[in-house]
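Asks: Take a look and give me a structure for this.
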Amino acid sequence: MRRTTLVIGFLLFVASCGGDSDVALVDSESTQSSVLDTDSTDAPSDGDSTSAGTIEWEECGPVECGTLDVPLDYSDPNSGTISLYLERRVANDPDKRIGSLLMNPGGPGFGGSILARAADQILSPGLLDHFDIVGFDPRGTGESEPAIDCTDDFDYYFAQGDITPDDPTEAQFNIDLSKEFIDQCNEKNSEFIAHVGTNNVARDMDRIRQALGEEKISYFGLSYGSELGAVWATLFPDTVRAAVLDGAADPNVDSVTASVQQKQGFEAALTSFLADCSADRSCAFHNDGDAEGAFDRLMAEMDENPLPTEDGRPELRRGMAMTSVAQALYDESYWDTLAAGLAEAADGNGSILLALFDAYFQRQPDGTYGNELEAFVAITCADEDERFTIEEADSFVPRYKEVAPRMAPETQGNYGCAFWPEAIDPRVDVTGAGAGPIVVIGTTGDASTPLESSRNMAKSLEDGRLVVVTANQHTGYTASQCARDVVDDYLIDLSAPDNETEC
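Replies: Model prediction:
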């Protein structure tokens, strides 16, 4: 998954599997359960309105919370059930209430229940008056049970390795480390991990709609939540009252092209950051107007000589530093922190960059981690039907370097999905046919989902309406009063904007 705007993360390790990742609004504990309820009734196919189940709401501080049992495998009525965790913030004005607004913060892998608690910080008073805000932790994430759990030792898997190995032994170490992580994910979550893909989450959303007693429902998805919303609108178009997809990726390109697009977006954001720093004498990494050259020299030096950080923590390697850089590029408000971290690193200390690295991985003050990264890998690979060999994955590296020479210094490919079992339910192609107008928001300086990717999402939908927001951040609703007004008018009054509306 936070402040009043969403802080987003980025993971080079799994980028070529597609998708993007978000940092959670608050701490997220993940728990694993190996026991699945086997007393479920027949599971419906897509669009079947039977056996929806009920949500027993109870008071949970400022919101209501509850759980909903859904089928583990919608194609197998005897597969058992899993439990989704939900939170609801009821509408401020019952007389103005339109219905429920489902929300998802992205990832994939981040729980969305927190969005109900954080709604006052994110959404306008108008939306809070008219809608119950319903957030849920998608299957495998957050407080839903079971939740994906692969490892407790993130430093072992993600702070080791050399993204520019010097010899075959170092290269093989990276391959083995990736395989070991994926093997653990499969072994520890074998009973349900094949069923955590986006198609099933969309089916769960329809079960939530039914349990809420609404014929049609509204949706607001951020980052990967846009992809989820587009899949839901494709599978269940007749149930869509309105849908907003903010910070949307290109939904129907292959995984390699998706990675090229994303790396290109981060490269553009890094170029903007360095140019801004070079032009601003107050920038901590100004370097007499040559932040670009200083950055290149620092990364090359770190490649050979990792930096000390905190006691008991690993040295900062170049691959870790690149994740730190990308973490900060999601929002211009983090540029000062990035400049300070690079300046400190140039002086031989990697502590600030390590803090950014930890922020991406959701490391908590007590040294524990949420399960966001683990769920991200599992959901991404459950969606993706491509399984590349090591040689094929390596062959894509020149394409990455061509579009992102600074952000893609690695000399090996991505092996995350290479070791994953075949997907049993690959993500459907997005069309949104029959769902009516869907609002897509893209920002001009979005590193993770570049504007052209969001434009392609709008084009992929039967009636996509793109809103272009001028901002250097990922997602645009919180960046612009114009964007908020456009979204509010659409969600409340169903007044859809013209395509290519500019804010």
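
Asks: According to the record, where do the domains of the protein fall?
Replies: The record's domain split for the chain, according to automatic domain parsing, is 8-147+203-254+431-502, 255-360.

Asks: How far off centre is the longest one?
Replies: The gap between the average C-alpha position of domain 8-147+203-254+431-502 and the chain average comes to 12 Å, counting by CA atoms, centre = their mean, to the nearest Å.

Asks: Just the buried residues of stretch 73-88, please?
Replies: For stretch 73-88, burial by neighbour count (16 or more other CB atoms under 10 Å) applies to 73-74, 79-88. C-betas here are computed from N, CA, C, even on glycine.

Asks: Repeat that for stretch 313-322.
Replies: Burial within stretch 313-322, assessed by neighbour count using 16+ other CB under 10 Å, is assigned to 313-314, 316-322.

Asks: how about the residue lying closest to residue 420 once chain neighbours are set aside, what does it touch?
Replies: Spatial nearest neighbour of residue 420, excluding adjacent residues (CB to CB, 6 or more residues apart in numbering): residue 381 at 4.1 Å. Residues in contact with residue 381, defined by CB atoms under 8 Å, 6 or more residues apart in numbering, are 17, 416-417, 420, 423.

Asks: and which of those residues is nearest residue 391?
Replies: Closest approach between these and residue 391, by CB to CB: residue 417, at 14.9 Å.

Asks: For that closest one, report the pLDDT, please.
Replies: pLDDT for residue 417: 91.

Asks: part of a strand, is it?
Replies: No. Residue assignment for residue 417, taken from DSSP: H, G, I helix; E, B strand; the rest coil, gives coil, which places it outside any strand.

Asks: okay but it is in contact with residue 379, surely?
Replies: No. Using CB atoms under 8 Å, residue 417 and residue 379 do not qualify as a contacting pair, with a distance of 11.2 Å.

Asks: Quick check: closest non-adjacent residue to the residue positioned nearest the centre of the chain.
Replies: With the centre of the chain defined as its mean C-alpha position, the nearest residue by CA atoms, centre = their mean is residue 107, 1.9 Å away. Counting by CB to CB, 6+ apart, residue 107 lies nearest to residue 224, which is 4.9 Å off, once chain neighbours are set aside.

Asks: what's the neighbour count on the one you found?
Replies: Residue neighbour count, defined by other CB atoms under 10 Å, stands at 31 for residue 224.

Asks: what separates it from residue 373, distance-wise?
Replies: As defined by CB to CB, to the nearest Å, residue 224 lies at a distance of 13 Å from residue 373.

Asks: Now stretch 410-421: buried residues?
Replies: With burial defined by 16+ other CB under 10 Å, the residues of stretch 410-421 counted as buried are 410, 412-420.

Asks: swap in stretch 162-175?
Replies: Neighbour-count burial for stretch 162-175, with 16+ other CB under 10 Å as criterion, is recorded at 162-165, 171, 174-175.

Asks: For the residue of the chain most remote from its centre, give me the pLDDT.
Replies: Of all residues in the chain, residue 288 has its C-alpha farthest from the mean position, at 36.8 Å, by CA atoms, centre = their mean. Reading off the per-residue confidence, residue 288 sits at a pLDDT of 96.

Asks: show me where the stretch 401-503 of the chain has strands.
Replies: Taking DSSP state E, counting those that start in this stretch as the test, the strands found in the stretch 401-503 of the chain are 438-443, 464-469, 501-502.

Asks: The last one packs against which elements?
Replies: Meaning strand 501-502. Taking 3 or more CB pairs under 8 Å, 6 or more residues apart in numbering; DSSP states H and E as the contact definition, the neighbouring helices and strands of strand 501-502 are strand 464-469.

Asks: so the strand it packs on versus strand 438-443, what angle?
Replies: 30 degrees (axes from the mean of the first three to the mean of the last three CA atoms, to 10 degrees).

Asks: And strand 464-469, what's buried?
Replies: Quick answer for strand 464-469 (16+ other CB under 10 Å): 464-469.

Asks: what does it rub up against?
Replies: 432, 437-444, 451, 454-455, 457-458, 476, 479-480, 482-483, 486-487, 496-503.

Asks: Among the residues you listed, name the buried ones.
Replies: Buried subset of those (neighbour count, 16+ other CB under 10 Å): 432, 437-444, 451, 454-455, 457-458, 476, 479-480, 483, 486-487, 496-497, 499, 501, 503.

Asks: Filter the residues you listed down to the ones in helices?
Replies: Among the buried ones among the contacts of strand 464-469, the subset assigned to helices under DSSP state H consists of 451, 454-455, 457-458, 483, 486-487.

Asks: could you dump these to JSON lines with pLDDT and distance to residue 386?
Replies: As requested, these are arranged in JSON lines below (pLDDT from 0 to 100; distance: CB to CB, whole Å):
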{"residue": "451", "pLDDT": "94", "distance to residue 386": "26"}
{"residue": "454", "pLDDT": "95", "distance to residue 386": "23"}
{"residue": "455", "pLDDT": "96", "distance to residue 386": "24"}
{"residue": "457", "pLDDT": "96", "distance to residue 386": "20"}
{"residue": "458", "pLDDT": "97", "distance to residue 386": "25"}
{"residue": "483", "pLDDT": "96", "distance to residue 386": "34"}
{"residue": "486", "pLDDT": "97", "distance to residue 386": "36"}
{"residue": "487", "pLDDT": "97", "distance to residue 386": "34"}
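
Asks: May I see the residues you listed organised as a markdown table, with distance to residue 199 added?
Replies: Putting those into a markdown table (distance: CB to CB, whole Å) gives the following:
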| residue | distance to residue 199 |
| --- | --- |
| 451 | 27 |
| 454 | 22 |
| 455 | 24 |
| 457 | 17 |
| 458 | 22 |
| 483 | 29 |
| 486 | 30 |
| 487 | 26 |
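
Asks: ok, these vs residue 278, which is closest?
Replies: When these are compared for distance to residue 278 (CB to CB), residue 451 wins out at 24.0 Å.

Asks: The helix ranked longest in the chain packs against which elements?
Replies: For the chain, the helix reaching the highest residue count under DSSP H is reported as helix 255-279. In this structure, helix 255-279 packs against helix 291-304, helix 318-329, helix 335-346, helix 397-403, helix 451-460, with contacts taken as 3+ CB pairs under 8 Å, 6+ apart.

Asks: Looking at those helices, which is nearest to residue 119?
Replies: With CB to CB, the closest approach to residue 119 among those belongs to helix 451-460: 23.4 Å.

Asks: what's next to that closest one, contact-wise?
Replies: 226, 230, 245, 247-253, 261-262, 265, 430-432, 440-444, 446, 464-466, 468, 499.
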